[in-house]
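Enquirer: build me a model:
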Amino acid sequence: MAIYTAAACLGLAGAGCGEQKLSTSELMSASRAVTVDVGRALALPPPGSLPVTGVTQRSYDNAVSQVVSLATRGRTPGENAIHVAFLTAADLPDSMGVEGNLLREPSIDDFAIAQEMEERLPGVAMAPAAVFVQNKFGPFGYAFGRGAGGEACLYAWQRMANGDSIFLPRSGVISVRIRVCDPVATEASLLRLAYSYSINASLRRPGWNPIGDAPAPAPELGRAGAPIYPVPQASAADAFEQQPVARPRPARAPRAERRIEEAPEPIPDKPLEGYPTVPPPPAP
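Expert: Model (predicted):
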């Protein structure tokens with residue numbers, strides 16, 4: 001009887017050991033976001049700017065979104081990052097909400113941008129720029145403010161869509177947000193990120209082309225008798241920094257007119273010739 005009991009115990013112990021062995025398919029993650037290699041980033045900052053520290057990707061039924069994390073320094077809460085999303089041309093949800101595993105297209109109206117800045121730049125007073133700016137992908141908007149300790153903060157937003165009208169079908173959408181704060185940067189240096197960042201991928205889907213085709217080269221390119229000289233052009237950011245501030249000149253006091261007074265003629269001490277000599281008055 002004791003032998004059968006020991007065998008049963010060993011069998012139960014073996015079954016317990018088998019149940020404790022897990023497979024990778026049994027692991028359920030609480031988030032659909034995964035970390036991908038930096039080389040698979042959908043958007044990259046310009047060379048020589050803030051380095052990329054990581055890329056987090058999430059896939060939807062109609063889109064792929066990424067958070068491209070950038071090196072962050074300073075005391076302002078939040079993370080420097082490029083938020084980018086590639087949305088397909090079909091099954092775009094309306095602005096009222098999403099259903100299932102669909103990504104709503106980020107809006108660029110003032111209220112939506114203000115909510116994003118409040119979430120990603122908490123406590124920072126951001127002032128939207130009133131100037132028109134445009135990079136190689138088209139126009140974009142940005143706001144500038146001062147974070148903790150007076151460090152420069154910039155938030156830029158851009159929407160790319162080619163042929164987005166009532167007459168042409170949508171060819172897809174690219175949404176980009178850039179959030180960056182730096183204690184030693186200026187508005188011009190931070191704005192360079194928005195001017196010079198690059199799109200590093202595309203969707204392999206027929207008709208998906210939010211950026212559009214590259215412009216044709218100039219007709220005089222490569223033709224004899226049409227010299228082309230390099231013309232240095234300053235970017236808008238450099239123009240903002242280099243433009244001198246016009247200061248009002250103080251009003252000058254009216255100059256007092258100098259009156260040149262003629263010196264009186266000296267009184268002669270000798271009698272004039274041709275005139276009678278007048279005797280002096282008698283002494284009292």
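Enquirer: average pLDDT across stretch 221-234?
Expert: Model confidence over stretch 221-234 averages 77 on the pLDDT scale.
Enquirer: please apply the same query to stretch 54-66.
Expert: The model assigns stretch 54-66 a mean pLDDT of 93.
Enquirer: quick one, strands of the stretch 51-200 of the chain?
Expert: With DSSP state E, counting those that start in this stretch as the criterion, the stretch 51-200 of the chain has strands at 52-59, 63-70, 81-87, 126-128, 133-135, 138-146, 152-160, 173-182, 198-199.
Enquirer: using a markdown table, lay out these together with mean neighbour count.
Expert: C-beta here means a position set from N, CA and C on the backbone, and glycine is covered the same way. Shown next, in a markdown table, are the strands of the stretch 51-200 of the chain (neighbours: other CB atoms under 10 Å):
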| stretch | mean neighbour count |
| --- | --- |
| strand 52-59 | 16 |
| strand 63-70 | 20 |
| strand 81-87 | 24 |
| strand 126-128 | 14 |
| strand 133-135 | 15 |
| strand 138-146 | 17 |
| strand 152-160 | 23 |
| strand 173-182 | 23 |
| strand 198-199 | 15 |
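Enquirer: same list, the ones you listed, but as CSV with distance to A41 please.
Expert: Listed next are the strands of the stretch 51-200 of the chain as CSV, based on distance: least, CB to CB, whole Å:
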stretch, distance to A41
strand 52-59, 5
strand 63-70, 5
strand 81-87, 8
strand 126-128, 25
strand 133-135, 18
strand 138-146, 19
strand 152-160, 16
strand 173-182, 12
strand 198-199, 10
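Enquirer: of these, which is nearest I113?
Expert: Of all the strands of the stretch 51-200 of the chain, strand 152-160 sits nearest to I113, with 5.9 Å by CB to CB.
Enquirer: lowest confidence element among the helices and strands of the chain?
Expert: Every helix and strand in the chain was compared by mean pLDDT, DSSP states H and E; the lowest is helix 236-242, with a mean of 49.
Enquirer: which one of the strands of the stretch 51-200 of the chain lies nearest to G225?
Expert: strand 133-135 (32.4 Å).
Enquirer: for the closest one, packing partners?
Expert: strand 138-146, helix 187-196 (3 or more CB pairs under 8 Å, 6 or more residues apart in numbering; DSSP states H and E).
Enquirer: where are the low-confidence patches of the stretch 51-200 of the chain?
Expert: The model of the stretch 51-200 of the chain has pLDDT under 70 over residues 89-100, 163-170.
Enquirer: of the strands of the stretch 51-200 of the chain, which approaches L103 most closely?
Expert: Checked against CB to CB, the stretch from the strands of the stretch 51-200 of the chain lying closest is strand 63-70, at 3.9 Å.
Enquirer: that closest one vs strand 81-87, what angle?
Expert: 170 degrees (axes from the mean of the first three to the mean of the last three CA atoms, to 10 degrees).
Enquirer: adjacent strands (with direction) for strand 63-70?
Expert: strand 52-59 (antiparallel), strand 81-87 (antiparallel) (DSSP bridges).
Enquirer: looking at those, spot the one closest to D37.
Expert: strand 52-59 (7.1 Å).
Enquirer: so what touches that closest one?
Expert: 31-38, 40-41, 44-45, 64-72 (CB atoms under 8 Å, 6 or more residues apart in numbering).
Enquirer: same thing but 7 Å
Expert: 32-36, 38, 40-41, 44-45, 64-71 (CB atoms under 7 Å, 6 or more residues apart in numbering).
Enquirer: then stretch 65-78?
Expert: 41-43, 45, 50-58, 79-85, 103, 120-124, 147-149, 151, 153, 179-183.
Enquirer: gap between the two ends of it?
Expert: End-to-end distance for stretch 65-78: 19 Å, by CA to CA, to the nearest Å.
Enquirer: what's the answer for stretch 65-79, then?
Expert: 17 Å.
Enquirer: ok, back up a step: and the strands of the stretch 51-200 of the chain: which comes nearest E220?
Expert: strand 133-135 (24.1 Å).
Enquirer: what lines up beside that closest one in the sheet?
Expert: When DSSP bridges is applied, strand 133-135 pairs with strand 138-146 (antiparallel).
Enquirer: if you count neighbours, what's buried in stretch 212-229?
Expert: For stretch 212-229, a neighbour-count test (16 or more other CB atoms under 10 Å) marks nothing as buried.
Enquirer: can I get the CA coordinates of it in CSV?
Expert: Extracted C-alpha coordinates of stretch 212-229, given in CSV (Å, rounded to 0.1, in the frame of the first residue of the first chain):
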residue,chain,number,x,y,z
GLY,A,212,2.6,62.9,-53.5
ASP,A,213,5.1,62.4,-56.3
ALA,A,214,8.5,64.3,-56.2
PRO,A,215,8.5,67.5,-58.3
ALA,A,216,10.0,67.3,-61.8
PRO,A,217,13.5,68.7,-62.1
ALA,A,218,14.0,72.2,-63.4
PRO,A,219,13.9,72.4,-67.3
GLU,A,220,17.3,74.0,-67.5
LEU,A,221,19.0,71.3,-65.4
GLY,A,222,21.7,69.6,-67.4
ARG,A,223,21.3,71.8,-70.4
ALA,A,224,24.2,73.7,-72.0
GLY,A,225,24.1,77.4,-71.9
ALA,A,226,22.1,77.6,-68.7
PRO,A,227,24.5,78.1,-65.8
ILE,A,228,23.2,77.5,-62.3
TYR,A,229,25.0,79.2,-59.4
